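>>> Quick one: sequence and predicted model below, then my questions.
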Amino acid sequence: MDTIASLFSFITWPVSWVIVQFHKLYGAIFGDDTGWAWGLSIVSLVVLIRICLIPLFVKQIKSTRNMQVLQPKMKAIQERYKSDKQRQSEEMMKLYKETGTNPLSSCLPILAQSPFFFALYHVLSAIASGKTIGVIDQPLLDSARKAHIFGAPLAAKFMDSASDVSALGASLLDVRVVTAVMIVMMSASQFFTQRQLMTKNVDLTVKTPYMQQQKMLMYIFPLIFAVMGINFPVGVLVYWLTTNVWTMGQQMYVINQNPTPGSKAQDHYLGRLLKSVTAHGEVRGRTKRNTVKRIVSKGSDRNDIERKFITGLAKLGFAAQEDGTVIKSDTALAESESGAAQRRQQPKRQTKAQRQTGAAQQTGAKDSDSTELGSKTSLEKPDASQDDKPKPAGKPASGSSRQAKSGQRKGPQRPKHPSKK
């Protein structure tokens, strides 16, 4: 870790300068040698860096969503050109170019803040070794070595020996308890951030390998941070914990205000938006109007959640417009009511068991009808036998079908040809 941190030594001067400026501010309030002054300086450094990274975070969100949308197409390309890796790569790059997607955009925030992270690690390691670094001179170095956060020095680590910890004026038990609690909090915040992204802000209608990879990362990242955390100084743990909490809060805001289409978060968001329109009779806020505008522009490409939202507006007598506003519309209400009436008139679909029961009843009815017909026929047979007795000569034969002998054609007989008489 020290070797990697030394690679970013060029940025240690700006990082140390920012920390010292915040330390002057908080030192005037809490005291120069307190852990509050130095700890809040590190927290403020994180906040400043993350504010500067907000544009990259927005790009990360857009890139992540585009990658989710493109997963089915990417899978189709892989299946089509699985024997030609070069053509597969060319088609992938063509797809990225056509859709304006950059796969590396999802890693930009982490890559951008990595130099600051290692520079801070380099600064705190120098403080633990008693060396001046950047703008931190000897008086500031002595002040930083005296600073403790809940009994643990800023430069102490979980794996430090008892002699190293005592040199910083603390006990090994205090250092390990504080660092263990911070490592658990750091890993838990990382897990919760990834979990809410997977359970609330993912389009559940699209099942792709990308989702499986994200689920694996949800469990792998916290373990990585837990293992690495035992070698981080307390000040670095403060930095990373603050970063995770900031990311978690930022993610919650994005999920609530700009959810992924087709996700549970979008269902909740459009439900709140529908209640707002019901209460105020209009769409309030530019962000909400842009949301309605995007839904209207999709037309027939809307997902089930968006169609439910448009139907909900129609039931309230509102029609969404292309500019994101809504207007009162009796036509939309009438169409919604007629559609509901048609759905009510449709016969209820029967279950498989009900269909089988109905078929059995129909079969039983047919059997009973055939039994009745057979019984009637058996009752009529004696009468038929009586009618078959020879009639006296001179009386015409009846045209009844029951009186016809076996083998004779029913009805009037055709006269024979004279040559056959």
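Right, received. Where do you want to start?
>>> show me what contacts Lys298?
The contact partners of Lys298, taken as CB atoms under 8 Å, 6 or more residues apart in numbering, are Glu306. To be clear about C-beta, it is placed using only N, CA and C from the backbone, and glycine gets the same treatment.
>>> Can you check my assumption that it lies in a strand?
No. When the secondary structure is assigned by DSSP: H, G, I helix; E, B strand; the rest coil, Lys298 falls in helix instead of a strand.
>>> Not counting the helix or strand hosting Phe22 itself, show me its contacts.
Phe22 is located in helix 12-30, with elements delineated by DSSP states H and E. With CB under 8 Å, 6+ apart as the test, helix 12-30 has contacts from 32, 34, 36-38, 40-42, 44-45, 48, 116, 119-120, 122-123, 133-136, 140.
>>> Going along the chain, name the strands of the stretch 251-400 of the chain.
With DSSP state E, counting those that start in this stretch applied, the stretch 251-400 of the chain shows strands at 318-320, 326-328, listed in chain order.
>>> cool, and the stretch 51-200 of the chain?
Counting by DSSP E, counting those that start in this stretch, one finds strands in the stretch 51-200 of the chain at the ranges 148-149, 152-153.
>>> Can you list the helices and strands that the last one packs against?
The reference is to strand 152-153. Using 3 or more CB pairs under 8 Å, 6 or more residues apart in numbering; DSSP states H and E, the elements in contact with strand 152-153 are helix 172-200.
>>> if we can go back for a sec, can you list the strands of the stretch 251-400 of the chain in JSON lines and add distance to Glu91?
As requested, the strands of the stretch 251-400 of the chain are arranged in JSON lines below (distance: least, CB to CB, whole Å):
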{"stretch": "strand 318-320", "distance to Glu91": "37"}
{"stretch": "strand 326-328", "distance to Glu91": "42"}
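>>> Same list (these) but as JSON lines, adding mean pLDDT, distance to Ala28 and mean neighbour count.
What follows is those, written out as JSON lines (pLDDT from 0 to 100; distance: least, CB to CB, whole Å; neighbours: other CB atoms under 10 Å):
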{"stretch": "strand 318-320", "mean pLDDT": "88", "distance to Ala28": "55", "mean neighbour count": "21"}
{"stretch": "strand 326-328", "mean pLDDT": "88", "distance to Ala28": "53", "mean neighbour count": "14"}
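>>> which stretch among those strands comes nearest Met159?
strand 318-320 (59.6 Å; CB to CB).
>>> what's Asn303 sitting at in phi/psi?
Here is the backbone geometry of Asn303 (degrees, to the nearest 10): phi -80, psi 180.
>>> Also Pro233?
In terms of degrees, to the nearest 10, the main-chain angles of Pro233 are phi -60, psi 160.
>>> what's the neighbour count on it?
When counting by other CB atoms under 10 Å, one arrives at 24 neighbours for Pro233.
>>> Can you give me every residue that contacts the nearest residue to it once chain neighbours are set aside?
Once its chain neighbours are removed from consideration, Pro233 has its nearest residue in Leu124; the separation is 4.4 Å (CB to CB, 6 or more residues apart in numbering). For Leu124, the residues meeting the contact criterion (CB under 8 Å, 6+ apart) are Leu154, Ala155, Pro233, Gly235, Val236.
>>> any idea how far Gln250 is from Ala162?
Separation of Gln250 from Ala162 (CB to CB, to the nearest Å) stands at 40 Å.
>>> Please apply the same query to Pro109.
Pro109 sits 38 Å away from Ala162, taking CB to CB as the criterion.
>>> and those two? which has more neighbours close in?
Neighbours around Pro109 and Ala162, counted as other CB under 10 Å, are more numerous at Pro109. The numbers are 22 against 11.
>>> hang on, that one packs against Leu53?
Yes. Because the distance of 5.3 Å satisfies CB atoms under 8 Å, Pro109 is recorded as touching Leu53.
>>> now the helices for the stretch 151-300 of the chain?
Under the criterion DSSP state H, counting those that start in this stretch, the stretch 151-300 of the chain carries helices at the ranges 162-167, 172-200, 209-229, 234-257, 264-280, 286-298.
>>> Which elements pack onto the fifth one?
Pointing back at helix 264-280 there. Under the contact rule (3+ CB pairs under 8 Å, 6+ apart), helix 264-280 is packed against helix 172-200, helix 234-257, helix 286-298, helix 304-315.
>>> just the third one next, same as before
Other helices and strands packing on helix 209-229, by 3+ CB pairs under 8 Å, 6+ apart, are helix 54-80, helix 172-200, helix 234-257.
>>> For it, give the mean pLDDT please.
In this model, helix 209-229 has a mean pLDDT of 76.
>>> who's in contact with it?
Helix 209-229 is contacted from outside by 67-68, 71, 75, 158, 179, 182-184, 186-188, 190-191, 194-195, 197-198, 202, 237, 240, using CB under 8 Å, 6+ apart.
>>> Export only the CA atoms of that helix, formatted as PDB.
The C-alpha trace of helix 209-229 is given here as PDB (Å, rounded to 0.1, in the frame of the first residue of the first chain):
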ATOM      1  CA  PRO A 209     -25.800 -11.500 -17.100                       C
ATOM      2  CA  TYR A 210     -25.100  -7.800 -16.000                       C
ATOM      3  CA  MET A 211     -27.600  -8.200 -13.200                       C
ATOM      4  CA  GLN A 212     -25.900 -11.400 -12.000                       C
ATOM      5  CA  GLN A 213     -22.500  -9.600 -12.000                       C
ATOM      6  CA  GLN A 214     -24.000  -6.700  -9.900                       C
ATOM      7  CA  LYS A 215     -25.400  -9.200  -7.400                       C
ATOM      8  CA  MET A 216     -22.000 -10.800  -7.000                       C
ATOM      9  CA  LEU A 217     -20.300  -7.400  -6.600                       C
ATOM     10  CA  MET A 218     -22.900  -6.600  -3.900                       C
ATOM     11  CA  TYR A 219     -21.200  -9.300  -1.700                       C
ATOM     12  CA  ILE A 220     -17.700  -9.100  -3.000                       C
ATOM     13  CA  PHE A 221     -17.000  -5.400  -2.500                       C
ATOM     14  CA  PRO A 222     -17.800  -5.300   1.300                       C
ATOM     15  CA  LEU A 223     -15.500  -8.300   1.800                       C
ATOM     16  CA  ILE A 224     -12.700  -6.500  -0.100                       C
ATOM     17  CA  PHE A 225     -13.100  -3.300   2.000                       C
ATOM     18  CA  ALA A 226     -13.200  -5.400   5.200                       C
ATOM     19  CA  VAL A 227      -9.900  -7.100   4.300                       C
ATOM     20  CA  MET A 228      -8.200  -4.000   3.200                       C
ATOM     21  CA  GLY A 229      -9.500  -1.900   6.100                       C
END
